[in-house]
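**Student:** I would like to see how this sequence folds:
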Amino acid sequence: MSERANRVGCCGFTLIEMILAMGVMAIVIVVVHAAFFSALQLRDRTTDAVDQGQPAQQAATFLRRDLLCATASGGVLEGSFKVGSISEPGMSQPVSVELCTATGALHDSAPWAEIQKVTYALDKPAVPAASGGRDLVRRVTRNLLNAITPDVTEQWLMGGVQSLEFDCFDGAQWVNTWDTTAGNTNLPVAVRVRNRNSSGAASVIEPNTANDHHGSTS
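**Tutor:** Next up is the predicted model:
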């Protein structure tokens with residue numbers, strides 16, 4: 001009887017073995033938890049970076065397309081191209097650029113052609129963000145015949161913009177103003193757009209104008 005009890009006792013674990021096993025399991029759980037928590041933080045940072053980058057990429061796409069398709073001054077399809085602090089009747093505040101561009105979408109239900117007037121401006125945000133900055137807004141006028149009360153469609157592109165600068169290349173130098181209705185009779189050779197957001201990051205878009213329909217980004 002005592003021999004059987006001794007055999008059964010040999011199959012168990014001592015208290016020290018149990019404590020060691022529990023300590024190893026606790027270490028493994030801590031390591032797994034730390035790795036899982038780091039992965040969650042990395043996912044959140046990546047998601048935030050993607051969400052912040054999408055509006056900037058969309059704004060750059062609209063700017064590049066509008067500038068590449070800008071209509072030249074003179075002729076039947078004459079359109080103005082203005083860069084600087086532009087203020088005209090009907091505008092609540094100055095805009096950074098005003099141009100006529102052939103980027104309008106054609107619809108069977110709308111009588112307008114592809115030529116439309118587009119302006120870009122920085123507006124005060126409806127809900128101020130903690131990081132500051134303004135909203136980059138694109139305004140489109142499809143009906144170019146109604147100059148008294150134009151029907152303007154407003155499109156929000158991105159927020160948190162500290163500055164938006166347009167520079168035009170006349171073939172010899174970069175200038176920060178351009179007006180085809182005044183001294184400048186042609187489109188600029190190239191247009192450079194510089195945007196700085198609230199985090200301090202800056203981006204530069206350098207699409208050429210409709211003169212050669214080629215663009216580059218730096």
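**Student:** Bridged to F169, which residues?
**Tutor:** Beta bridges link F169 to W174, A190 when assigned by DSSP bridges.
**Student:** can you tell me which residues contact it?
**Tutor:** F169 makes contact with 175, 188-192, according to Cβ atoms under 8 Å, 6 or more residues apart in numbering. Placement of C-beta: from N, CA and C, glycine included.
**Student:** Please pick the buried ones from these.
**Tutor:** Neighbour-count burial (16 or more other Cβ atoms under 10 Å) applied to those gives 188, 190-192.
**Student:** Name the next helix or strand downstream of the longest helix along the chain, please.
**Tutor:** Scanning the chain for the helix with the most residues, using DSSP state H, yields helix 15-68. The C-terminal neighbour of helix 15-68 among helices and strands, as given by DSSP states H and E, is strand 81-86.
**Student:** Please state the offset of stretch 16-27 from the chain centre?
**Tutor:** With Cα atoms, centre = their mean, to the nearest Å as the basis, the distance from the averaged C-alpha position of stretch 16-27 to the chain average is 53 Å.
**Student:** Would you mind extracting the C-alpha trace of that stretch into CSV?
**Tutor:** The C-alpha atoms that make up stretch 16-27 are tabulated as CSV, following Å, rounded to 0.1, in the frame of the first residue of the first chain:
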residue,chain,number,x,y,z
ILE,A,16,8.6,25.2,-6.6
GLU,A,17,7.8,23.8,-10.0
MET,A,18,4.4,25.3,-10.0
ILE,A,19,5.7,28.7,-9.0
LEU,A,20,8.4,28.5,-11.8
ALA,A,21,5.7,27.5,-14.4
MET,A,22,3.5,30.4,-13.4
GLY,A,23,6.4,32.9,-13.5
VAL,A,24,7.3,31.7,-17.1
MET,A,25,3.6,32.1,-18.2
ALA,A,26,3.4,35.5,-16.7
ILE,A,27,6.6,36.6,-18.6
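**Student:** Relative to A126, how far out is the residue nearest the centre of the chain?
**Tutor:** To find the centre residue of the chain, average its C-alpha atoms and take the closest one (Cα atoms, centre = their mean): that gives A56, at 1.2 Å. When distances are taken as Cβ to Cβ, to the nearest Å, A56 and A126 turn out to be 19 Å apart.
**Student:** And A39, by the same measure?
**Tutor:** Applying Cβ to Cβ, the value for A39 to A126 is 36 Å.
**Student:** Check R43 too.
**Tutor:** Summarising the geometry, the distance separating R43 from A126, computed by Cβ to Cβ, is 30 Å.
**Student:** re earlier: thought the residue nearest to the centre of the chain was touching N197?
**Tutor:** Yes: contact criterion Cβ atoms under 8 Å: A56 and N197 qualify, at 7.5 Å.
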